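*Asks:* Sharing a model prediction with you, sequence too.
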Amino acid sequence: MGLTSLVLADARFPGGGHVHSGGVEEAVARGLVQDVETLRGFLLGRLRTAGLVAAAFAAAAARLAARGVNARGTDTDARDAQASPAGAWAAQASVAGAWAAQASRAWAALDAEFDARTPSQAQREASRAQGRGTLRAVRAAWPSPVYDELGPRPHHALLVGAVCGIASEPPEEAARCVAYLAVSGPASAAVRLLGLDPFAVNAVLIHLDPALAAVVETAVHTAVTEDLPAPGAPVLDLLAQAHVAHRGRLRLFAS
């Protein structure tokens, strides 16, 4: 992994990910996750469903952002080359402008597709809340006009993918980063909620490596098509909605 994806996957990254449990808090409250073994099953299921969707969209976003950076590079070169003929400069700027309009439509389409694959309003809101928090941090570390095309509340997976693309990291790294975050955050939350042995939980994450690799491979393969994956996870959807409904209960996590 490159430095960008490593930093984004770091639990200490100031993007607000520590306030989200990925459904583990509600699962614990309902007795669905009680120990390391039940946590293992929960994480595997989450990785193969919500994790796969997020990874595929992150890979697609990385590709789109990289193309945007290259197009803007052409525009920047044109602006810097003041000695070039006016006609050539205008032609280059026109290409960059046309790409900006195309990119705006592409980002809107990705956003809508991600919404469609996230039927739970609570999960959509959690994704956008984390995206908004992360946006502030990435603007400082990896400044780029590409973020303007994502809007003020982008889905977290799309933003992570965009940052990787801006930093010239391949779609595979974006997918791997997001897939890892899909299980590392909930695993950390389970340690806090249940007092589980952190060494045992860390071992669970390591043993998910083959499944994570398969998810990344599928995500990258489908990211170049118009048929992005859409596996359903009704239990995660119901847990997310129930978590929001229980506002009167003491909670450690926002989602």
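*Replies:* Alright, I've got the coordinates. A quick note: this is a predicted structure, and the numbers were derived from the prediction, not measured.
*Asks:* So for stretch 179-194, mean pLDDT?
*Replies:* In this model, stretch 179-194 has a mean pLDDT of 96.
*Asks:* How about stretch 17-32?
*Replies:* 91.
*Asks:* Following element in sequence after the lowest-mean-pLDDT helix or strand in the chain, please.
*Replies:* Within the chain, no helix or strand scores below helix 86-116, which has a mean of 71 by mean pLDDT, DSSP states H and E. Downstream of helix 86-116, the first helix or strand assigned by DSSP states H and E is helix 121-141.
*Asks:* Go through stretch 150-167 and flag the buried ones.
*Replies:* 150-151, 153-167 (16 or more other C-beta atoms under 10 Å). For every residue, glycine as well, the C-beta is placed using N, CA and C.
*Asks:* my bad, should have said stretch 121-128
*Replies:* 122-128.
*Asks:* What of stretch 216-230?
*Replies:* So for stretch 216-230, counting by 16+ other C-beta under 10 Å, buried means 216, 218-220, 222-223, 228-229.
*Asks:* Tell me which two in those residues are the farthest apart.
*Replies:* V216 and L228 (14.2 Å; C-beta to C-beta).
*Asks:* got a list of contacts for stretch 122-136?
*Replies:* 8, 13, 15-17, 20, 50, 114-115, 118, 147, 150, 152-160, 236-237, 240-241, 243-244, 254-255 (C-beta atoms under 8 Å, 6 or more residues apart in numbering).
*Asks:* I'd like the average pLDDT over that stretch.
*Replies:* Here the average pLDDT along stretch 122-136 is 93.
*Asks:* Got phi/psi on S120?
*Replies:* phi -80, psi 120 (degrees, to the nearest 10).
*Asks:* what's near enough to touch the nearest residue to it once chain neighbours are set aside?
*Replies:* Closest residue to S120 apart from its sequence neighbours, by C-beta to C-beta, 6 or more residues apart in numbering: D237 at 3.9 Å. Contacts for D237 were tallied using C-beta under 8 Å, 6+ apart; they are 119-120, 123.
*Asks:* How about G51?
*Replies:* 178-179, 182-183, 215.
*Asks:* how does it look with 6 Å?
*Replies:* 179, 182, 215 (C-beta atoms under 6 Å, 6 or more residues apart in numbering).
*Asks:* Okay, and which of these map to strands?
*Replies:* Using DSSP state E, no member of those falls in strands.
*Asks:* List just the nearest of the residues you listed to A58.
*Replies:* A179 (8.2 Å).
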